[in-house]
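# Next come a sequence and a model predicted from it.
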2 protein chains.
Amino acid sequence: MPTGTPKGAATLHDVAREAGVSLATASRSLNGSARRVNEEYRSRVVAAAERLGYIPNFSAQAIARGMSPTVALVVSDIADPYFSSIAAGVIRGADEAGLIVTMAVTERSAARELGVVKGLRGQRPRVLILTGSRFLDSGEEEALARELAAYEETGGRVVVVSQRALPFDTLQMNNYDGARDLARALAERGNRRFAAITGTRSLLTSNDRLQGFRDGLAELGLDLPEDRILPAEFTRDGGYQAAGELLERGIDGIDVIFAVNDVMAIGALSRLREAGADIPGDIGVAGFDDIATARDVSPALTTVRLPLEEVGERAIRLALADRDGNEPTVESVGGEVLLRASTR
Amino acid sequence: MPTGTPKGAATLHDVAREAGVSLATASRSLNGSARRVNEEYRSRVVAAAERLGYIPNFSAQAIARGMSPTVALVVSDIADPYFSSIAAGVIRGADEAGLIVTMAVTERSAARELGVVKGLRGQRPRVLILTGSRFLDSGEEEALARELAAYEETGGRVVVVSQRALPFDTLQMNNYDGARDLARALAERGNRRFAAITGTRSLLTSNDRLQGFRDGLAELGLDLPEDRILPAEFTRDGGYQAAGELLERGIDGIDVIFAVNDVMAIGALSRLREAGADIPGDIGVAGFDDIATARDVSPALTTVRLPLEEVGERAIRLALADRDGNEPTVESVGGEVLLRASTR
DNA sequence: AGCTTGCGGGGAAGCGCTTTCCCACTACCA
DNA sequence: TGGTAGTGGGAAAGCGCTTCCCCGCAAGCT
């Protein structure tokens, strides 16, 4: 870079001057436009841009075009493999569509989620993707719905990944059916007595999975008694603790513990192992999601596979599709039972 | 929202009109300014903003202020727990500083990394954080350095997390020392014969860790022969495969396999277990990083703990600190050996 | 009373782009 | 040869903000 170069990046203006053309022509040459530009001019502009190291200012483009090329992704916790896998898919999909992704974290709090969405709106993203579990109706949930509606009103697209709980395009994880299938598979293998580790009662994902599991058992005449259901935090440590509680109460009467997600299941597994339990000999453990490490713990975790990364990509595709009609479209994401060594 | 409301979000202009003040006053009332505003006006503006659901347009602010309130984070693979933990820290730190984070993925390719950085520059982020392992000098690495220099020239700050390999502020993971300490700890416990699973030869992180490990052994008169070093992909599957190779060659003469990162170690662990090996009875496994699941595999993984989330926060802090002098500042991040059940 | 300060509102000039609109020019047709 | 259509360059009007600068006014001083 020549000495004395003024601070600040080269602007389109600089490029135009350098190339000896107008701003309009420079803009048209560099940043795709409907209008064609004489090849001679075009190459002069491109050369000038190259020479000056010109990089278009996205903010300026965003403001001039009235919409910024970004997708905002809201996750509960990016360090949780469930979300990081979805995020990987979202980023890949966004990349293919030429979009930038910005991320925000809710720490599983409905209040924070609302705040985060409000904040994100300042970016005027083209797409807003919500991935956390939805909550049972709360004040925040309603406020969120209003916020999102206002956002769509101004041209944005929202996609909810998890449950059909908000009136927007959604990728509905088939939590109920997956858990039901899992329960039946487990029962068919001869397991009879179950316990469950769930999230707090206000988490829809947790509720759906638990309900599916119980119904699956009920269909085969089996029961998951209320006092065998332990609510805990929706994290690895939550699972760990809940398993501890279970251990205190005694696990002799239990064949399999169903944790409503894999990270909890893995936490529980660790706790049980610490207590010297043989798995699945003394007691089995099953989870839900099939996060990457589910196969690497030992014994490998029985779970319900969700194509998380693919879900992320689909979310982008769904957001970018034209909407047909006024009804939000709901796509279902199927789960597949994976019986592994952590259960008999 | 009243019917007939024009499409598009409320602008500051609308707010000003609604409040019966000038644009300047509205701006000053809502978005922190040095100038004070009469309380009477201020509250009128705030009320009007509230009424209209006004949300400032970040792009417009960015362009008017000449800098956007964002930090760009470059990771190799967000689904990898190493990166997602760092990302969690970065997001937290950014959040505290009122910054938005946008993310891009390199898929561990130097070429893609260069492209990604170029693309990110369009956002004019305040901070650019590079987290992947650096590469041995390659054309891309030089081009990247130039790109980053140009970026700082225009007022941005770059922070490199990993190795002191580029002339910018960096958070230097103490890979060499950590691996050296690990080797010594392992040797002191009576392990004598080692093998290593590394990344490709061009990855600095991998090289440093390997070198540290070998030197640690050498200090105690032990050796890690060249033919016991298996380069593989820097992923779980890479570790899995490499362990397979090792298995084919026979593992009888090996006490411990050192994988240069935890995900590889966990892959290796899985492969060994599949082969029916007793760990650490037949052979031990050690990793590096202490990702969250390292303690949940069984046997729990011996490793070197890196405070990943904290590193993410520190990266932000470092970027936001005034630079003292012209020299890039280099902070060192220590590792702590964690001897767990996967080694004797 | 006359003067200087300081405070704070508002007009307007940007920030870096895109896009509309005007216009000159060429090509084609009858 | 006159007229029309089509092509493509450039001037300029925004996009939604921030901030400089001017100015009126009240307070403080001598």
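Looks like it arrived, so ask away.

# How about the secondary structure of A:Val285?
strand (DSSP: H, G, I helix; E, B strand; the rest coil).

# Make sure it is actually in contact with A:Arg344.
No: using C-beta atoms under 8 Å, A:Val285 makes no contact with A:Arg344, being 10.9 Å away. (Glycine included, C-beta is placed from N, CA and C.)

# So for those two, which residues contact both of them?
Here A:Val285 and A:Arg344 share the contacting residues A:Val256, scored by C-beta atoms under 8 Å, 6 or more residues apart in numbering or on different chains.

# So which of the two has more stuff around it?
A:Val285 (30 against 16; other C-beta atoms under 10 Å in any protein chain shown).

# residues in contact with that one?
The contact partners of A:Val285, by C-beta under 8 Å, 6+ apart, come to A:256-257, A:259, A:265, A:268-269, A:272, A:279, A:301-302, A:342-343.

# What is the most widely separated pair among those?
A:Leu272 and A:Thr302 (13.9 Å; C-beta to C-beta).

# Have a look at the two and say which one is more surrounded.
Higher neighbour count among A:Leu272 and A:Thr302: A:Thr302, with 28 against 24, using other C-beta under 10 Å.

# Please state the backbone phi and psi of that one?
A:Thr302 adopts backbone torsions of phi -70, psi 130, taken as degrees, to the nearest 10.

# residues in contact with it?
A:182, A:186, A:284-287, A:338-343 are the contacts of A:Thr302 under C-beta under 8 Å, 6+ apart.

# Any of those residues buried? List them.
A:182, A:186, A:284-287, A:338-340, A:342-343 (16 or more other C-beta atoms under 10 Å in any protein chain shown).

# Of these, which are in range of DNA strand D?
Checked against DNA strand D using C-beta under 7 Å from any atom of the strand, these yield no neighbours at all.

# Within its sheet, name the partner strands of the biggest strand by length in chain A and how each one runs.
Among all segments of chain A classified by DSSP state E, the strand with the greatest residue count is strand A:68-75. Here strand A:68-75 is paired, per DSSP bridges, with strand A:100-105 (parallel), strand A:125-130 (parallel).

# Please, where are all the helices along the stretch 201-344 of chain A?
Along the stretch 201-344 of chain A, counting by DSSP state H, counting those that start in this stretch, helices occupy A:204-219, A:236-249, A:262-274, A:308-320.

# Please see if the second one touches chain B.
Yes: for helix A:236-249, a contact with chain B is found by C-beta under 8 Å from any C-beta of the partner chain, at A:Arg236.

# same check, this time on the third one
Yes: when contact is scored as C-beta under 8 Å from any C-beta, part of helix A:262-274 falls within range of chain B: A:266-267, A:269-270, A:273.

# picking that back up, can you put the strands paired with strand A:68-75 in JSON lines and add distance to A:Leu246?
Shown next, in JSON lines, are these (distance: least, C-beta to C-beta, whole Å):
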{"stretch": "strand A:100-105", "distance to A:Leu246": "30"}
{"stretch": "strand A:125-130", "distance to A:Leu246": "32"}
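
# between those strands, which gets nearest to B:Ala243?
strand A:100-105 (33.8 Å).

# export the next helix or strand after that closest one as CSV, just CAs?
Sequence order places helix A:110-121 as the next helix or strand after strand A:100-105, per DSSP states H and E. Provided in CSV are the C-alpha atoms of helix A:110-121 (Å, rounded to 0.1, in the frame of the first residue of the first chain):
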residue,chain,number,x,y,z
ALA,A,110,-37.6,-16.9,27.4
ALA,A,111,-37.0,-13.4,28.5
ARG,A,112,-33.5,-13.3,27.0
GLU,A,113,-34.9,-14.8,23.8
LEU,A,114,-37.3,-12.0,23.5
GLY,A,115,-34.5,-9.5,24.1
VAL,A,116,-32.2,-11.1,21.7
VAL,A,117,-34.9,-11.1,18.9
LYS,A,118,-35.5,-7.4,19.5
GLY,A,119,-31.9,-6.7,19.3
LEU,A,120,-31.4,-8.7,16.2
ARG,A,121,-34.2,-6.9,14.4
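
# From DNA strand C, how far off is A:Val333?
35 Å (C-beta to the nearest atom of the strand, to the nearest Å).

# Burial check on that residue, number of neighbours?
19.

# and it, what is it in contact with?
A:Val333 is in contact with A:171-174, A:306-307, A:311, A:314, counting by C-beta under 8 Å, 6+ apart.

# Mind putting those into TSV with distance to DNA strand D and pLDDT?
Shown next, in TSV, are the contacts of A:Val333 (distance: C-beta to the nearest atom of the strand, whole Å; pLDDT from 0 to 100):
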residue	distance to DNA strand D	pLDDT
A:Leu171	31	97
A:Gln172	34	97
A:Met173	36	97
A:Asn174	41	97
A:Leu306	39	98
A:Pro307	39	98
A:Val311	33	98
A:Arg314	31	98
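
# May I see those arranged in TSV, with neighbour count and distance to A:Glu142 as well?
Formatted as TSV, the contacts of A:Val333 follow (neighbours: other C-beta atoms under 10 Å in any protein chain shown; distance: C-beta to C-beta, whole Å):
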residue	neighbour count	distance to A:Glu142
A:Leu171	25	22
A:Gln172	17	20
A:Met173	26	22
A:Asn174	18	26
A:Leu306	25	28
A:Pro307	17	31
A:Val311	20	26
A:Arg314	19	27
